[in-house]
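> the following comprises the amino acid sequence and a computationally predicted model.
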Amino acid sequence: MIGSLQGRILQRRPPWLWLEVAGVGYELEMPLSSFYDLPLEGQSLLVYTHFVVREDAQLLYGFRREEERDLFRLLIKVNGIGGKVALACLSGMDASQLRQALLDGDRRRLTAIPGIGAKTAERMVVELRDKLGAVPCQVANPDPSSDLRQQAVFALMSLGYKASEAQQAVQLVATELSLEQTIRQALQSLAR
């Protein structure tokens, strides 16, 4: 399996990226959101990849961050979602927004994505809500209080709470508390 590639950008034609690695040109399909922060042609780039071998094609999908790739891998496991629709999901919103929409069960936002109808959105929420705890969330602008709150969510999930329950409980807690105090107050709120 090809897990990542690092090489020189040959061409950028959304949704396609051509990357030269050790003299070999790789054609990758990427979410449109990934193209916003790509370096210029000729510059070096590291992309995380997902390789699919089908009867009629071999497809290589590329992602700027591991979080996007991990979310893509979860999405394609949902019945009725293939690579194209999963890319559309990651093109329509960034990974953290998509993750939050799934955790919140926000079917309205999910059905706004091309290729996602009401039934597929429902299936996505039901099948992925509890699995999203396995995908680490990377914050674009690291904020110490946000990181502390994310640690508290993961701590609650390790105690057996669902990701959505843990996030809701942590959101109810004041922001200036220590990690231990945040977890304690979140547990108290969950016990009510």
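Received it, and whenever you're ready, just let me know what you need.

> only C-alpha atoms for contact and neighbour calcs from this point on.
OK.

> domains in the protein, by residue range?
Following automatic domain parsing, the chain resolves into domains at 4-63, 67-134, 144-191.

> looking at those, which has the lowest confidence?
Of all the domains of the chain, mean pLDDT reaches its minimum on domain 144-191 (a mean of 78).

> ok now that domain, how far from the chain's centre?
Distance of domain 144-191 from its chain centroid, counting by CA atoms, centre = their mean, to the nearest Å, is 21 Å.

> try stretch 71-78
Remark: stretch 71-78 is offset 9 Å from the chain centroid, using CA atoms, centre = their mean.

> quick one on the thing from earlier: turn the domains of the chain into JSON lines, including mean neighbour count.
Putting these into JSON lines (neighbours: other CA atoms under 10 Å) gives the following:
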{"stretch": "domain 4-63", "mean neighbour count": "16"}
{"stretch": "domain 67-134", "mean neighbour count": "18"}
{"stretch": "domain 144-191", "mean neighbour count": "17"}
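
> list the contacts of Val153.
Shown in contact with Val153 (CA atoms under 8 Å, 6 or more residues apart in numbering): Ala163, Ala166, Gln167, Val170.

> quick one: terminal-to-terminal distance for stretch 25-36?
22 Å (CA to CA, to the nearest Å).

> same thing with stretch 86-102?
End to end - CA to CA - stretch 86-102 spans 13 Å.

> quick one, helices of this structure?
Per DSSP state H, the chain carries helices over the ranges 66-75, 83-92, 95-104, 107-111, 118-128, 144-158, 163-171, 179-191.

> dump the ones you listed to JSON lines, plus distance to Val52.
Output for the helices of the chain, formatted as JSON lines (distance: least, CA to CA, whole Å):
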{"stretch": "helix 66-75", "distance to Val52": "11"}
{"stretch": "helix 83-92", "distance to Val52": "9"}
{"stretch": "helix 95-104", "distance to Val52": "21"}
{"stretch": "helix 107-111", "distance to Val52": "25"}
{"stretch": "helix 118-128", "distance to Val52": "21"}
{"stretch": "helix 144-158", "distance to Val52": "31"}
{"stretch": "helix 163-171", "distance to Val52": "29"}
{"stretch": "helix 179-191", "distance to Val52": "41"}
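
> which one of the ones you listed lies nearest to Gly7?
Nearest of those to Gly7, taken as CA to CA: helix 66-75 at 17.0 Å.

> for the closest one, packing partners?
Secondary-structure packing of helix 66-75 (3 or more CA pairs under 8 Å, 6 or more residues apart in numbering; DSSP states H and E): strand 44-53, helix 83-92, helix 95-104, helix 118-128.

> at 10 Å instead, please
Counting contacts by 3 or more CA pairs under 10 Å, 6 or more residues apart in numbering; DSSP states H and E, helix 66-75 packs against strand 44-53, strand 58-63, helix 83-92, helix 95-104, helix 118-128.

> in a markdown table: these, plus distance to Leu19.
Shown next, in a markdown table, are these (distance: least, CA to CA, whole Å):
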| stretch | distance to Leu19 |
| --- | --- |
| strand 44-53 | 8 |
| strand 58-63 | 10 |
| helix 83-92 | 19 |
| helix 95-104 | 23 |
| helix 118-128 | 32 |
